[in-house]
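Engineer: coordinates only, sequence not included:
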């Protein structure tokens, strides 16, 4: 009988110590994380294009087989594009363009086409973006 009393006490003590270990171990795995504040969002806006007109291929004065530049007008004049690029060969080679406001809302863009030839010109692609 004494054996059962001692066994019961040691059983209770070992159970209590086991629960204390589990509680201490669980606290070690539930440490707080620090997460910085962030921002997320979504939006939409309409995309409208420009109309290109008045395309002029400016030939080289010494060798008219070379195209020195391409100029064209675009509308609407506002908002003006901040980036303008042109290709004479269906997007294989791209040239940077400079925009200039001429007389109010009429806008003209000139694209220097160094190395472009009349024979190599197949399809004009103009990309204008804000």
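Structural biologist: Noted; the coordinates are in hand. Just so we're clear, the structure is a prediction, and the values are computed from it rather than from any experiment.
Engineer: In this structure, where is pLDDT below threshold?
Structural biologist: Residues of the chain meeting the criterion pLDDT under 70: 1-29, 77, 99-106.
Engineer: same for the strand or helix carrying residue 73, what does it pack against?
Structural biologist: Take DSSP states H and E as the rule and residue 73 turns out to sit in strand 66-75. Secondary-structure packing of strand 66-75 (3 or more C-beta pairs under 8 Å, 6 or more residues apart in numbering; DSSP states H and E): strand 51-59, strand 107-117, strand 125-129. In short, each C-beta sits where N, CA and C put it, glycine included.
Engineer: What residues sit buried inside that strand?
Structural biologist: Residues 66, 67, 68, 69, 70, 71, 72, 73, 74 are the ones in strand 66-75 that count as buried (16 or more other C-beta atoms under 10 Å).
Engineer: Tell me the gap between it and the middle of its chain.
Structural biologist: Its chain's C-alpha centre lies 28 Å from the corresponding centre of strand 66-75 when counted by C-alpha atoms, centre = their mean, to the nearest Å.
Engineer: Name the residues that touch the helix or strand just after it?
Structural biologist: Downstream of strand 66-75, the next assigned helix or strand under DSSP H and E is strand 83-87. Residues outside strand 83-87 that contact it (C-beta atoms under 8 Å, 6 or more residues apart in numbering): 70, 93-99, 109, 111, 113, 123-130.
Engineer: and with 10 Å instead?
Structural biologist: 50, 52, 55, 69-72, 74, 91, 93-99, 107, 109-113, 116, 121-130 (C-beta atoms under 10 Å, 6 or more residues apart in numbering).
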